[in-house]
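>>> Build me a model:
(one chain, ligands or ions: 2)
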Amino acid sequence: MTHYLRSKHDAILIGVGTAEADNPSLNCRIAGVGGYGGDGLEGQPRPVVIDPRGRWQFDAESKVFKLAEEGKGKAPWVFTKAPLDVKRARLLQNAGGRNFVTGLEGCPEWRVSWDYVLKVLDAEHIRSVMIEGGGAIINDLLAPENIGLVDVVIVTIAPTWLGKGGVQVCPDERVEQRARLPVARLTNVKWMPLGEDVVLCGSPSRNQ
Ligand SMILES: NC(=O)C1=CN([C@@H]2O[C@H](COP(=O)(O)OP(=O)(O)OC[C@H]3O[C@@H](n4cnc5c(N)ncnc54)[C@H](OP(=O)(O)O)[C@@H]3O)[C@@H](O)[C@H]2O)C=CC1
Ligand SMILES: Nc1nc(O)c(N)c(N[C@@H]2O[C@H](COP(=O)(O)O)[C@@H](O)[C@H]2O)n1
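Ligands and ions are numbered 1, 2, ... in the order given. Below is the predicted model of the structure:
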């Protein structure tokens, strides 16, 4: 399911926490897409990493760079608040990736403005973005001030224990006139069994 979704989006976006924790591949490995039997890089999403402080310590051995070199995925676009150092900037450029520098205006130091990110992606002809994670990025996008940016939420429930203190996904609560309002309830919900998993798919309600 994850790889099918990756093939259907122009970009796949993660936060620096995920980039550092997982060294992810961020490509689509379904037979028939570009790099796996298909033409060029057709069906491969553009990896996008949100890294305001430039703390992603990637190098030529990072999976996403190896795959780009092998023609099995696209090189990443990295959003930072200040330009990357020369070494990482050169590696990124040589691989075909890019560093977008957002500047400091408008947002606290620890975050990047979604408005800015989406405007840049739109200008670069990216029409659909799959937000893969992690917890902090998803929680921020599910928060009331950003939920309008989200079209669909897809949750896969797998028969496995994730471990104590795992990643928590729950948007901040919303309080209006001292009343707590429910946030980000999903509508048009569908549940689909898929192999051993169940996939939940729904749209954020626009009236809450
Ligand atoms: N099961 C699944 O489907 C998935 C699970 N994961 C898991 O998630 C974990 C990582 O999650 P997490 O640690 O929360 O990290 P994230 O990947 O969510 O990255 C969070 C970081 O992104 C930066 N950031 C920039 N803008 C924002 C913003 N607007 N809102 C929030 N953060 C922003 C901050 O960096 P800074 O601190 O430098 O300021 C922040 O610490 C990993 O363990 C990974 O395995 C990840 C993807 C999918
Ligand atoms: N196990 C799992 N199931 C999903 O449905 C997911 N979306 C993820 N997400 C993330 O996948 C990354 C590793 O995959 P690649 O190396 O990019 O193929 C990693 O960041 C997971 O946290 N995981």
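>>> Hmm, V199 is touching V155, no?
Yes. Judged on C-beta atoms under 8 Å, V199 makes contact with V155 at a distance of 7.3 Å. Placement of C-beta: from N, CA and C, glycine included.
>>> Surely A75 touches K66?
No. Look at A75 against K66 with C-beta under 8 Å: they stay out of range, at 10.7 Å.
>>> which intervals of this structure have sub-threshold pLDDT?
Residues of the chain that meet the criterion pLDDT under 70 lie in 104-106, 109, 181-184, 207-208.
>>> Let me see the ranges of the strands in the chain.
11-15, 46-50, 77-80, 98-101, 129-133, 153-157, 174-176, 179-181, 186-194, 197-204 (DSSP state E).
>>> Now distance to A143 and mean neighbour count too, for these, in CSV please.
Shown next, in CSV, are these (distance: least, C-beta to C-beta, whole Å; neighbours: other C-beta atoms under 10 Å):
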stretch, distance to A143, mean neighbour count
strand 11-15, 14, 24
strand 46-50, 15, 25
strand 77-80, 19, 23
strand 98-101, 23, 16
strand 129-133, 13, 20
strand 153-157, 13, 14
strand 174-176, 8, 11
strand 179-181, 12, 9
strand 186-194, 15, 11
strand 197-204, 11, 16
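>>> could those go into JSON lines alongside distance to ligand 1?
Listed next are those as JSON lines, based on distance: least, C-beta to the nearest ligand atom, whole Å:
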{"stretch": "strand 11-15", "distance to ligand 1": "2"}
{"stretch": "strand 46-50", "distance to ligand 1": "4"}
{"stretch": "strand 77-80", "distance to ligand 1": "8"}
{"stretch": "strand 98-101", "distance to ligand 1": "13"}
{"stretch": "strand 129-133", "distance to ligand 1": "2"}
{"stretch": "strand 153-157", "distance to ligand 1": "7"}
{"stretch": "strand 174-176", "distance to ligand 1": "17"}
{"stretch": "strand 179-181", "distance to ligand 1": "21"}
{"stretch": "strand 186-194", "distance to ligand 1": "15"}
{"stretch": "strand 197-204", "distance to ligand 1": "12"}
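>>> In CSV, list these along with distance to L141.
Listed next are those as CSV, based on distance: least, C-beta to C-beta, whole Å:
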stretch, distance to L141
strand 11-15, 9
strand 46-50, 11
strand 77-80, 14
strand 98-101, 18
strand 129-133, 6
strand 153-157, 9
strand 174-176, 14
strand 179-181, 18
strand 186-194, 14
strand 197-204, 10
